[in-house]
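Enquirer: quick one, fold the following:
(one chain, ligands or ions: 1)
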Amino acid sequence: MSKTKIVGTMILVVGYLLVFFAADNYNFSLFNDVMPTSSAGVDRGRLPAVILDAGHGGADGGCVSYNGVPEKNINLDIMLRLKCMLEAYGYEVIVTRDKDVSIHDEGVTGLGAQKKSDMKNRLDIMNSRENAIVISIHQNQFTDPKYSGAQMFYSATNPESERLASAMQQAFVNELQPDNKRETKLSGKELYLIYFAKAPSVMIECGFLSNPQEADLLQTEDYRKKVAFTIFKGINEYCGVA
Ligand SMILES: [Zn+2]
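Expert: A predicted model of the protein is given here:
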């Protein structure tokens, strides 16, 4: 074996090891503190498919924390943790992205056109499946750093979306933020994906990156795991399998 081949093989092996560790990182808690004891007996045949959308990606970082961290990777990390929990519970999960990318069509140039193509492709994925729900994960930002807490946005285009948003808001109060007094918010076409998605859909603003305490929490693995679990509970509540 030539020197280059040996080095190439070593890189491949290290790469695989990293993937295994990453997968393990997302799976580590599933059968310990995450799986509800009441999961036995759930009729998984009637569960909807869950379409998970981690907001932004690639050149589009989304909003940025007070200390310069963009929301895109926080969204992705929460989404991947949630995906593991849902799949372990028996849900079929479909994702719009599973890495730090924009999913625009090949050959599209210019950030504006890429964003438009990315949104269209995300919507196509969301509308590709009957009997589904859509969960879009984002982080919030505001000029005044005092605001914090999760908030759910929904559209009236599917009448079930309001119930999904309420179940999710309540899950955040129950699991994570007992003092959260925020109300679910009805939105229009400005939230393109949840407006045009046909399935019951909710956009989850998990927290404010402009609030230093909340942004610091969202930058820890432990808190992102808790957020993922909270969303998992909200989905189960909505599906009547809590
Ligand atoms: Zn966002």
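Enquirer: hey, where'd the strands end up in this structure?
Expert: 49-54, 93-95, 132-140, 151-154, 185-186, 201-208 (DSSP state E).
Enquirer: what about the residue lying closest to Lys225 once chain neighbours are set aside, distance to Val227?
Expert: Nearest residue to Lys225, sequence neighbours excluded (Cβ to Cβ, 6 or more residues apart in numbering): Arg81, at 5.7 Å. (Each C-beta comes from the backbone N, C-alpha and C, glycine too.) Relative to Val227, Arg81 is positioned 8 Å away (Cβ to Cβ, to the nearest Å).
Enquirer: closest point of the chain to the ion, which residue?
Expert: In the chain, the residue that lies nearest the ion is His138 (3.5 Å; Cβ to the ion).
Enquirer: could you tell me the phi and psi values at the nearest residue to that residue once chain neighbours are set aside?
Expert: Distances taken as Cβ to Cβ, 6+ apart place Gly55 nearest to His138, at 4.1 Å, with adjacent residues excluded. Here is the backbone geometry of Gly55 (degrees, to the nearest 10): phi -60, psi 150.
Enquirer: count the residues that sit near the residue of the chain closest to the ion.
Expert: His138 is flanked by 23 other residues according to other Cβ atoms under 10 Å.
Enquirer: hang on, it packs against Lys72?
Expert: No: taking Cβ atoms under 8 Å as the definition, His138 is not a contact partner of Lys72, at 9.6 Å.
Enquirer: give me every residue that touches Cys206.
Expert: By Cβ atoms under 8 Å, 6 or more residues apart in numbering, Cys206 lies in contact with 74, 78, 137-140, 150, 218, 227.
Enquirer: with Lys72 instead?
Expert: Taking Cβ under 8 Å, 6+ apart, we find Lys72 in contact with 54-58, 60-62, 100.
Enquirer: go again using 6 Å as the cut-off
Expert: The contact partners of Lys72, by Cβ atoms under 6 Å, 6 or more residues apart in numbering, come to 56-57, 61-62.
Enquirer: in JSON lines, list those along with neighbour count, distance to Gly110 and pLDDT.
Expert: Formatted as JSON lines, the contacts of Lys72 follow (neighbours: other Cβ atoms under 10 Å; distance: Cβ to Cβ, whole Å; pLDDT from 0 to 100):
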{"residue": "His56", "neighbour count": "25", "distance to Gly110": "17", "pLDDT": "98"}
{"residue": "Gly57", "neighbour count": "24", "distance to Gly110": "17", "pLDDT": "98"}
{"residue": "Gly61", "neighbour count": "14", "distance to Gly110": "17", "pLDDT": "98"}
{"residue": "Gly62", "neighbour count": "18", "distance to Gly110": "19", "pLDDT": "97"}
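Enquirer: now the residues you listed as CSV including distance to the ion?
Expert: As requested, the contacts of Lys72 are arranged in CSV below (distance: Cβ to the ion, whole Å):
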residue, distance to the ion
His56, 6
Gly57, 10
Gly61, 9
Gly62, 4
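Enquirer: which of those residues lies closest to Val95?
Expert: Set against Val95, the nearest of those by Cβ to Cβ is Gly57 (11.2 Å).
Enquirer: circling back to that earlier point, the residue nearest to His138 is in contact with Asn75, isn't it?
Expert: Yes: under the criterion of Cβ atoms under 6 Å, Gly55 makes contact with Asn75 at 4.7 Å.
Enquirer: overlap in contacts, these two.
Expert: In contact with both Gly55 and Asn75: Ile137, using Cβ under 6 Å, 6+ apart.
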